[in-house]
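Trainee: For reference, the sequence and a predicted model appear below.
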Amino acid sequence: MLQVLEKLERELHNPLVRKQQERLCCLLHPDFREFGKSGKEFNRESIIADMQEDDSALKIWSGDYQLQFSTENSALILYKSAHIESDGSLSSYSIRSSLWIKADSNWKIIFHQGTSTVPFEV
């Protein structure tokens, strides 16, 4: 299960996927909420709109994925992420948690939280 959810989470980090409204609607549960590391709160509509308007080609490193708990139809994953700068260095470090639920045989993210943290080793 962790491999499937890690793949889906990494898909959400992909700048090309972030521009595909149809794919985002498949990945984000209708009741999706996010507490961003910026302190902003998002719902499904606002995060999709934010991704559509973002013209940056932001690259994201993510790793140390852990399955915190799971049932047949829900799972909480924890991981670390950082922005990859043009010179390859990392910045904007965060720890993240995502709650995924299985709806209509597909995994959908229903809640996500990012919290700024000090730089970590990768």
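Mentor: On my side now, so go ahead. Numbering: from 1, shown residues only.
Trainee: show me the contacts for Leu67.
Mentor: Met1, Leu2, Leu5, Ala75, Leu76, Ile77 (Cβ atoms under 8 Å, 6 or more residues apart in numbering). C-beta: built from backbone N, CA, C; applies to glycine.
Trainee: so where is this protein shaky, pLDDT-wise?
Mentor: Regions of the chain meeting the criterion pLDDT under 70 are absent.
Trainee: All the helices of it, residue numbers only.
Mentor: Assigned helices in the chain, in chain order: 2-13, 21-27, 44-53 (criterion: DSSP state H).
Trainee: Using CSV, lay out those together with distance to Phe111 and mean neighbour count.
Mentor: Formatted as CSV, these follow (distance: least, Cβ to Cβ, whole Å; neighbours: other Cβ atoms under 10 Å):
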stretch, distance to Phe111, mean neighbour count
helix 2-13, 13, 15
helix 21-27, 13, 14
helix 44-53, 11, 15
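Trainee: among those helices, which is nearest Ser70?
Mentor: Nearest to Ser70, of all these, is helix 2-13, at 8.3 Å by Cβ to Cβ.
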